[in-house]
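Undergrad: Provided below for reference: sequence and predicted model.
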Amino acid sequence: MTSSPPSPSASRPARPGPASSRTTPPPGAPAPAPSGEGAAVMLASLAGFDGCFGCGSEAESGLRIRHTGVEDGVVTCEFTVRREHQGAPGLCHGGVLATAMDEALGGAAWLLGNRYVTGRLETDYLAPVPVGSDVHVRAWCTGLDGRKAYLEGEARVGGPDGPVAVRAAGVFIEVPQEHFVPES
Ligand SMILES: CCCCCCCCCC(=O)SCCNC(=O)CCNC(=O)[C@H](O)C(C)(C)COP(=O)(O)OP(=O)(O)OC[C@H]1O[C@@H](n2cnc3c(N)ncnc32)[C@H](O)[C@@H]1OP(=O)(O)O
């Protein structure tokens, strides 16, 4: 699995390395310049919606992910692993961690100023994550190719500089607002 490294930046970590050929931007695909405008599109599109399984306050069984910031195109968020998130005894379920990566990579995609859905999501699990852990996730875009946005991210345990537990890479596809179904 190889891909081009993201642009150097103070907040952007060295490329984590999970991307396969299918989640690596094609040669010449530009990495986007960070802009503050995407956040406005995200907020307008999601206004009043609290039902997200990842971050929604109304999703009782959800992860209750807290979005903590955006800097230089890097999205940061965090959540606390609860008992109901277990897979193997005492440890966070891999699907829960994939959800957190989907949320963070999706957030970084929406920051580009359009609406995106997940087309492909790859995850590498590097360390177990115990129940009770605070998981800190960050994600960024590595390239744009037409409607496809290429994203990578990582999750660290215990703090933003804790050990890396998960690395992820994905392709998100731009969709119109009409793609979504109004809540009934
Ligand atoms: C703060 C919070 C912000 C929000 C965070 C949200 C996080 C959560 C995100 C999600 O979980 S989204 C839910 C899970 N994903 C879905 O439900 C997507 C289901 N799939 C679809 O709706 C359609 O298949 C899709 C819109 C992705 C594509 O259908 P289209 O008919 O619009 O596109 P088309 O098939 O023509 O493909 C367009 C391009 O995308 C590419 N593509 C499509 N599906 C792909 C795929 N699965 N993987 C990689 N590339 C894909 C396709 O090859 C093509 O590339 P080219 O332009 O180069 O030809």
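TA: Received the coordinates, thanks.
Undergrad: name the element T76 belongs to?
TA: strand 74-80 (DSSP states H and E).
Undergrad: Check which helices and strands that strand sits against.
TA: Contact analysis of strand 74-80 by 3 or more Cβ pairs under 8 Å, 6 or more residues apart in numbering; DSSP states H and E lists strand 66-71, helix 94-110, strand 134-145 as its packing neighbours. Glycine gets a C-beta too; all of them are placed from N, C-alpha and C.
Undergrad: among the ones you listed, which gets the worst mean confidence?
TA: Lowest mean pLDDT of those: strand 66-71, a mean of 91.
Undergrad: What strands line up against the strand holding T76, and which way round?
TA: Looking at strand 74-80 with DSSP bridges, its partner strands are strand 66-71 (antiparallel), strand 134-145 (antiparallel).
Undergrad: and those strands as TSV, adding distance to the ligand and mean neighbour count?
TA: What follows is these, written out as TSV (distance: least, Cβ to the nearest ligand atom, whole Å; neighbours: other Cβ atoms under 10 Å):
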stretch	distance to the ligand	mean neighbour count
strand 66-71	6	14
strand 134-145	6	23
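Undergrad: Dump those strands into a markdown table; add distance to C55 as well.
TA: Below are those laid out as a markdown table (distance: least, Cβ to Cβ, whole Å):
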| stretch | distance to C55 |
| --- | --- |
| strand 66-71 | 6 |
| strand 134-145 | 11 |
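Undergrad: for the worst-scoring helix or strand of the chain on mean pLDDT, which positions count as buried?
TA: Among the helices and strands of the chain, helix 37-45 carries the lowest confidence by mean pLDDT, DSSP states H and E, at a mean of 74. Neighbour counts using 16 or more other Cβ atoms under 10 Å place 38, 41-42 of helix 37-45 among the buried residues.
Undergrad: So which of those residues reach the ligand?
TA: M42 (Cβ under 6 Å from any ligand atom).
Undergrad: and which of the buried residues of helix 37-45 is nearest to the ligand?
TA: M42 (5.7 Å; Cβ to the nearest ligand atom).
Undergrad: Tell me how many other residues crowd the residue lying closest to the closest one once chain neighbours are set aside.
TA: Leaving aside its sequence neighbours, M42 sits nearest to W110 (Cβ to Cβ, 6 or more residues apart in numbering; 4.4 Å). Neighbour count for W110, taken as other Cβ atoms under 10 Å: 21.
Undergrad: All set now, cheers.
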